[in-house]
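In: what's the 3D shape of this:
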Amino acid sequence: MKNKSLILIIIIILLAAVAVFTGNHYSTLKDNESDFSVRDTASITRIFLADNSINESLLERTGHGWILNHKYPANQRAVDFLLETIKKIRVKAPVSKASHNNVVKRLSSSSIKVEIYQNVPHINLFNKVKLFYHEKRTKVFFVGDVTQNNLGTYMLMEGAKRPYIVNIPGFRGFVSVRFTPVPDDWKSHTVFNQKLSDIKLVKYENIKDPKNSFEVKVVDAMGSFEITRLSNNSKVMDYDTLKLLNFLTSFKDLRYESRLNNILAPQRIDSILHATPVYKLIVVNKQNDTTKVIMFDKNRFPDEVNEAYEELVPVDLDRLYGSINHGEDFVLLQYYVFDKVLRPLDYYETKNRTLR
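Out: Alright, predicted model coming up:
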């Protein structure tokens, strides 16, 4: 028995040695200067993108979706688009000798560095038996500008001497814009994303009409609610349960249209934030995590026009401004999306049912 056990141990050690050798040999073949793609994007755990300026974005896969820079939910559609790009990119041609020096010079001054991390096995037996997975940085390359015909993108693998022209077969365009390092480009557009079963409290403040401000507490999962009129802290006893349920379920997926942090001048944003808001919405979940948005009127026309015709030009009836993420982000909201959670208290009161 001892001899059989010893033989078994020796066989396992030999197999492990073969696996390490073949795994290293396989990676050497793949880790060449023109292999920018990752076929198995499901194994990607992190993607880091950075430019030569101040922009850095770290995308990480978690059990609850992708997150950005350890903090923000990432835009899942944008991440999926990036993963699809990484999977499909192919080398079209090496950069010609005549263009080599010029392309390398541009890459060194204005490229985007991309680092890809994957969950890979320590032991890989002929790509059939894979054991002891761990995270490993598998690719580092630089994404440059586009070719003159706008149909290719210059890329250079870290440590390589020769850049290549890369594209996606069948796609007429360039892929450099998909590797943006700007954090704003990766942030999720979600403002609220709470299921009814997760909501503990919702507070709605109508600044222009305070008597219609209210707070809803979810008492239990059986549909018991407690509504408080914020103007005098009195309880609302008669309310339309169906309308209230529609209100609470509307927080499942509310998104903003666009982020304005880098579009409007800081002075303009500061001026709006110091103005009187029109609405405030707060949602607290059962883990006591709080999501808050403060909303402001948006002028229909530019400031200089409104100053000249202040009494004639109304505010924009389609869009309004919002401050989210504890004031870190200034965004554009659509009434079409948020109207369903901005209805006044008297909309929900039973006594007004015949009027609505």
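In: ranges for the strands of the stretch 201-350 of the chain?
Out: Assigned by DSSP state E, counting those that start in this stretch, the strands in the stretch 201-350 of the chain fall at 214-220, 224-229, 234-236, 254-255, 258-259, 279-285, 290-299, 315-324, 329-334.
In: can you put the ones you listed in CSV and add mean pLDDT and mean neighbour count?
Out: Where C-beta positions appear, they are placed from N, C-alpha and C, glycine not excepted. Shown next, in CSV, are the strands of the stretch 201-350 of the chain (pLDDT from 0 to 100; neighbours: other C-beta atoms under 10 Å):
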stretch, mean pLDDT, mean neighbour count
strand 214-220, 91, 16
strand 224-229, 92, 15
strand 234-236, 93, 12
strand 254-255, 94, 19
strand 258-259, 91, 14
strand 279-285, 96, 19
strand 290-299, 94, 18
strand 315-324, 92, 18
strand 329-334, 95, 20
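In: could you dump those strands to a markdown table with distance to Tyr348?
Out: Formatted as a markdown table, the strands of the stretch 201-350 of the chain follow (distance: least, C-beta to C-beta, whole Å):
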| stretch | distance to Tyr348 |
| --- | --- |
| strand 214-220 | 8 |
| strand 224-229 | 7 |
| strand 234-236 | 8 |
| strand 254-255 | 18 |
| strand 258-259 | 31 |
| strand 279-285 | 15 |
| strand 290-299 | 20 |
| strand 315-324 | 22 |
| strand 329-334 | 22 |
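In: Please identify which of these is closest to Asp51.
Out: strand 258-259 (18.6 Å; C-beta to C-beta).
In: How far away from the center of its chain is that closest one?
Out: How far strand 258-259 lies from its chain's middle: 12 Å, per C-alpha atoms, centre = their mean, to the nearest Å.
In: Stretch 238-254 now?
Out: 27 Å.
In: buried stuff in that stretch?
Out: Residues of stretch 238-254 classed as buried by neighbour count (16 or more other C-beta atoms under 10 Å): Tyr239, Asp240, Lys243, Leu244, Phe247, Leu248, Ser250, Phe251, Leu254.
In: And it, end to end?
Out: 28 Å (C-alpha to C-alpha, to the nearest Å).
In: got the contact list for that stretch?
Out: Stretch 238-254 is contacted from outside by 190-196, 199, 202, 216, 218, 223, 225, 227, 283, 337-338, 340-341, 343, 347-351, 353, using C-beta atoms under 8 Å, 6 or more residues apart in numbering.
In: Among the strands of the stretch 201-350 of the chain, which comes closest to Leu49?
Out: Using C-beta to C-beta, the nearest of the strands of the stretch 201-350 of the chain to Leu49 is strand 258-259, at 17.7 Å.
In: The residue nearest to Leu264 when sequence neighbours are not counted pairs with what?
Out: Excluding the flanking residues, the one nearest Leu264 by C-beta to C-beta, 6 or more residues apart in numbering is Phe330, at 7.1 Å. Listed by DSSP bridges, the beta-bridge partners for Phe330 are Ser323.
In: got a list of what Phe330 touches?
Out: Phe330 touches Arg259, Leu260, Asn261, Leu264, Ile269, Ile272, Leu273, Tyr321, Gly322, Ser323, counting by C-beta under 8 Å, 6+ apart.
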